[in-house]
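Trainee: I'll drop the sequence and a predicted model, then ask my questions.
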Amino acid sequence: MKVWAKIVIDHKVKNSVVIPVDPENFYDGLTQIAAALKIPTPIVTQSQIDNFLEFNLLKLKQRDFIESIPFDILEFNAIFEK
């Protein structure tokens, strides 16, 4: 699975990256995404990961980060190859 991660400011995509992520080890993928976007790594719960794997969408806001972030939302979309 690949994940399309987007930094959103005022409802506009300002930066994005597509990274292959192993669904069994989502935390490592999350660290890679944060490093690629040069942002702090968010705190994600297992229920958020489960919902992402079921619905293919995850939106993270300031409450999901320890550090302050210079954007409104970090959005993840799952991309499945055929």
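Mentor: Thanks, I have it. Residues are numbered from 1 along each chain as shown.

Trainee: Return the set of buried residues in stretch 21-28.
Mentor: Applying a neighbour-count criterion of 16 or more other CB atoms under 10 Å, one finds Val21, Phe26 buried in stretch 21-28. Glycine gets a C-beta too; all of them are placed from N, C-alpha and C.

Trainee: mind checking the end-to-end distance for it?
Mentor: When the termini of stretch 21-28 are compared using CA to CA, to the nearest Å, they are 8 Å apart.

Trainee: quick check: mean pLDDT across it?
Mentor: Across stretch 21-28, the average pLDDT comes to 90.

Trainee: distance between that stretch and the chain's centre?
Mentor: Chain-centre distance of stretch 21-28: 12 Å, with CA atoms, centre = their mean, to the nearest Å.

Trainee: What lies in contact with that stretch?
Mentor: Met1, Lys2, Val3, Gly29, Leu30, Gln32, Ile33, Val44, Ile49, Phe52, Leu53 (CB atoms under 8 Å, 6 or more residues apart in numbering).

Trainee: got it, and stretch 37-54?
Mentor: For stretch 37-54, contacts defined as CB under 8 Å, 6+ apart pick out 5, 7, 15, 17, 23, 26-27, 30-31, 34, 58, 60, 64-67, 69, 71, 74, 76, 78.

Trainee: try 6 Å
Mentor: Residues outside stretch 37-54 that contact it (CB atoms under 6 Å, 6 or more residues apart in numbering): Val17, Pro23, Phe26, Thr31, Ala34, Leu58, Leu60, Asp64, Phe65, Glu67.

Trainee: from the residues you listed, which has minimum pLDDT?
Mentor: Per-residue confidence across those is lowest for Pro23, with 86 (pLDDT).

Trainee: Grab the nearest non-local neighbour of Gly29.
Mentor: In space, and not counting its chain neighbours, Gly29 is closest to Val21: 3.1 Å by CB to CB, 6 or more residues apart in numbering.
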